[in-house]
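Q: structure for the following, please:
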Amino acid sequence: MKRENLKKQIQNKTAKLAVIGLGYVGLPLAVNFAKAGFSVWGLDKDEDRVIQLQQRRSYILDMPAKEVAEVIDQARFSPGMDFAVLAQVDVIIVCVPTPLKRKYTPDISYIVDAVKTIRRYIRPGTLVVLESTTYPGTTDELFRPELERGGRKAGTDFYLAFSPERIDPGNKNYDVTRIPKLVGGVTAECGELTKLLYEKIIVAVHLVSSAKAAEMTKLLENSFRIINIGWINEVARMCHKMGVDVWEVIAAAKTKPFGFMPFYPGLGVGGHCIPDDPLYLYWKAKKYGFHSKYIKLSADTNADMPAYAVERITEILKPDTFLQEASLLVLGVAYKKDVKDLRRSPSLVLIELLQKAGARVDYSDPLIPYLKINGIDLLRVEVTPANLRKYDCVVIATDHSQVDYAAVRKHSRLVFDVKNVYGDKMYKNVVRL
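A: Numbers count the residues shown, from 1 in each chain. Model (predicted):
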């Protein structure tokens, strides 16, 4: 009866939802469920976030303030910090962070805190969905035992599933509703209920056999990327040693209509997913006595790219200028193009390394109004002819559609083009990664 009741509530959109964690994953999810007609509570321990939402403001580029205001004014979305509302809801979706504690060790404290809070309030018949990317087995080995304490049984007294987030910040073609959703329940019934829920807002939902399979699929997706990015970064360094243009090589390889997918070198990887998530799989595999050489090697290769960039900058400045005497402008400090997101950005590592080497470093990024590294406020400058001429070298670390790169080339003494923004065109004052 509990399952049938919840099924009807989801079908007619009378089910009450709570989303724990209102970041890049949780907020778009909560707002879109509210737009679809559900009553949604958004819960977060960050008071500043909650206040901004209550004031109808958004702190996420992909979520317009207008949409937040609309669902709040319609009484469909209620952001707050009172987790006692979990006792009133039919569905709880967990979107908390899963960072690393140390270089290769997951920090699951946010997940543990969330499930303990849920256990205090959960009522019979509630569906709980974990979206936070984590190691295979988390839903069954951590969430399920905690929620079953006191005699409750998954699939009977409550329903539990894993559905990994696939958010791509800044991607205008694929918002949360247009990215196919993956779902795996701890029982078949749990999976079916979760699939039914997400079908109310998402274009396509794919059901797999278990929560563990869904967890593994997410990490396969992210590990595929970190490994291929690590490989192409290694190829870039190899090509430089050999005097071969890596960008020409990639463009040539792309002409093959099968069996090749282009990846591009850069300063490494940023954001939350790619730097951290594959290392959850690396850590978990070690528990089974399996050492994933590819994940670790790729992570280490990518992490070393800012230091390699410093080597290249030192090389191209000579013999005219020593790095410790140089003034540099870093263009782009967000981790990817056209996003206001500094999470794990390799540009920040590059700046820190350049500062440690004694260089004077300023930055320019149209989406980042201020920046502090190691307690030091960096000078933000506009990309103007006069400003560009002040620097010994301009480093294009992240490309932005708002920047006039023709002007950068024209007015800079020297440009180190990490992102290959000039394509196949070669200029005397431009050096590519």
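
Q: how would you label Val361: helix, strand or coil?
A: Under DSSP: H, G, I helix; E, B strand; the rest coil, the three-state class of Val361 is strand.

Q: so what's it bridging to?
A: Taking DSSP bridges as the rule, Val361 bridges to Leu328.

Q: wait, it touches Val381, no?
A: No: look at Val361 against Val381 with Cβ atoms under 8 Å: they stay out of range, at 11.0 Å. All C-beta atoms are positioned from the backbone trio N, CA, C, and that covers glycine.

Q: neighbour-wise, which of those two wins?
A: Neighbours per residue (other Cβ atoms under 10 Å) separate Val361 from Val381, with Val361 holding more: 22 against 16.

Q: next up, the contacts around that one.
A: Ser327, Leu328, Leu329, Val330, Ile351, Leu354, Gln355, Leu378 (Cβ atoms under 8 Å, 6 or more residues apart in numbering).

Q: verify the stated contact: the first one with Leu388.
A: Yep, that's Ser327 we're talking about. No: using Cβ under 8 Å, Ser327 is not in contact with Leu388; the gap is 11.4 Å.

Q: find residues that contact each of Val361 and Val381.
A: Shared contacts of Val361 and Val381, counting by Cβ under 8 Å, 6+ apart, come down to Leu329.

Q: for stretch 174-189, buried residues please.
A: Within stretch 174-189, the residues scored as buried using 16 or more other Cβ atoms under 10 Å are Val176, Ile179, Lys181, Leu182, Val183, Gly184, Gly185, Val186, Thr187, Glu189.

Q: out of these, which is nearest to Lys256?
A: The nearest member of those to Lys256, counting by Cβ to Cβ, is Ile179 at 27.6 Å.

Q: pLDDT score for that closest one?
A: Ile179 is assigned a pLDDT of 96 by the prediction.

Q: just Val349 next, same as before
A: In this model, Val349 is scored at 97, pLDDT.

Q: state the distance from it to Lys256.
A: 34 Å (Cβ to Cβ, to the nearest Å).

Q: looking at the two now, which is surrounded by more residues?
A: When Val349 and Lys256 are compared on other Cβ under 10 Å, the one with more neighbours turns out to be Val349, at 20 against 8.

Q: returning to that earlier point: may I see the contacts of Val361 arranged in TSV, with distance to His411 as well?
A: Listed next are those as TSV, based on distance: Cβ to Cβ, whole Å:
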residue	distance to His411
Ser327	15
Leu328	15
Leu329	11
Val330	16
Ile351	22
Leu354	21
Gln355	24
Leu378	21
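
Q: pull out the buried members of those residues.
A: Buried subset of the contacts of Val361 (neighbour count, 16+ other Cβ under 10 Å): Leu328, Leu329, Val330, Ile351, Leu354, Gln355, Leu378.

Q: of these, which is the nearest to Arg144?
A: Arg144 lies nearest to Ile351 out of those, by Cβ to Cβ, at 43.8 Å.

Q: quick one: the closest one and Leu378 touch, right?
A: Yes: under the criterion of Cβ under 8 Å, Ile351 makes contact with Leu378 at 7.2 Å.

Q: which neighbours do the two share?
A: Residues within reach of Ile351 and of Leu378 at once, by Cβ under 8 Å, 6+ apart, are Val361, Tyr363.

Q: and the longest helix along the chain, what's its mean pLDDT?
A: Longest helix in the chain, counting residues (DSSP state H): helix 211-242. Mean per-residue pLDDT for helix 211-242: 97.

Q: can you check stretch 306-319 too?
A: The average pLDDT within stretch 306-319 is 96.

Q: quick one, strands of the stretch 151-300 of the chain?
A: Here the stretch 151-300 of the chain has its strands, by DSSP state E, counting those that start in this stretch, at 158-162, 181-185, 205-207.

Q: could you dump those into a markdown table and include distance to Gly23?
A: Converted to a markdown table, those look like this (distance: least, Cβ to Cβ, whole Å):
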| stretch | distance to Gly23 |
| --- | --- |
| strand 158-162 | 18 |
| strand 181-185 | 18 |
| strand 205-207 | 22 |
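
Q: nearest to Phe416, of the ones you listed?
A: Comparing those by Cβ to Cβ, strand 181-185 comes nearest, at 39.5 Å.

Q: rewinding a little: would you mind telling me which of the strands of the stretch 151-300 of the chain is nearest Arg409?
A: Closest among the strands of the stretch 151-300 of the chain, using Cβ to Cβ: strand 181-185, at 42.9 Å.

Q: tell me what that closest one is packed against?
A: Packing partners of strand 181-185 (3 or more Cβ pairs under 8 Å, 6 or more residues apart in numbering; DSSP states H and E): strand 158-162, helix 188-198, strand 205-207, helix 211-242.

Q: most tightly surrounded among these?
A: Compared across the helices and strands packed on strand 181-185, strand 158-162 shows the largest average neighbour count, a mean of 29 (mean count of other Cβ atoms under 10 Å).

Q: who does the longest helix of the chain touch, helix- and strand-wise?
A: Helix 211-242 sits against strand 158-162, strand 181-185, helix 246-253, helix 273-287, helix 293-303, helix 305-317, with contacts defined as 3+ Cβ pairs under 8 Å, 6+ apart.

Q: in the stretch 1-150 of the chain, what residue spans correspond to helices?
A: Ranges of helices in the stretch 1-150 of the chain, per DSSP state H, counting those that start in this stretch, are 2-11, 26-35, 47-54, 65-73, 109-121, 138, 144-148.

Q: now these as a markdown table including distance to Ile373, mean pLDDT and mean neighbour count?
A: Output for these, formatted as a markdown table (distance: least, Cβ to Cβ, whole Å; pLDDT from 0 to 100; neighbours: other Cβ atoms under 10 Å):
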| stretch | distance to Ile373 | mean pLDDT | mean neighbour count |
| --- | --- | --- | --- |
| helix 2-11 | 47 | 94 | 15 |
| helix 26-35 | 27 | 97 | 25 |
| helix 47-54 | 21 | 97 | 16 |
| helix 65-73 | 29 | 97 | 17 |
| helix 109-121 | 25 | 97 | 17 |
| helix 138 | 33 | 97 | 24 |
| helix 144-148 | 39 | 97 | 17 |
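
Q: now for these, which one comes closest to Val203?
A: Nearest to Val203, of all those, is helix 26-35, at 11.6 Å by Cβ to Cβ.

Q: could you list the low-pLDDT ranges of the stretch 151-300 of the chain?
A: Nowhere does the stretch 151-300 of the chain drop to pLDDT under 70.

Q: related to what we said a few turns ago, quick one: which of the helices and strands packed on strand 181-185 is nearest Ile250?
A: Across the helices and strands packed on strand 181-185, closest to Ile250 is helix 211-242 (Cβ to Cβ), at 7.4 Å.

Q: what is the end-to-end distance of stretch 259-272?
A: 29 Å (Cα to Cα, to the nearest Å).

Q: buried residues, that stretch. List them.
A: For stretch 259-272, by 16+ other Cβ under 10 Å, it's Phe263, Pro265, Gly266, Leu267, Gly268, Val269, Gly270, Gly271, His272.
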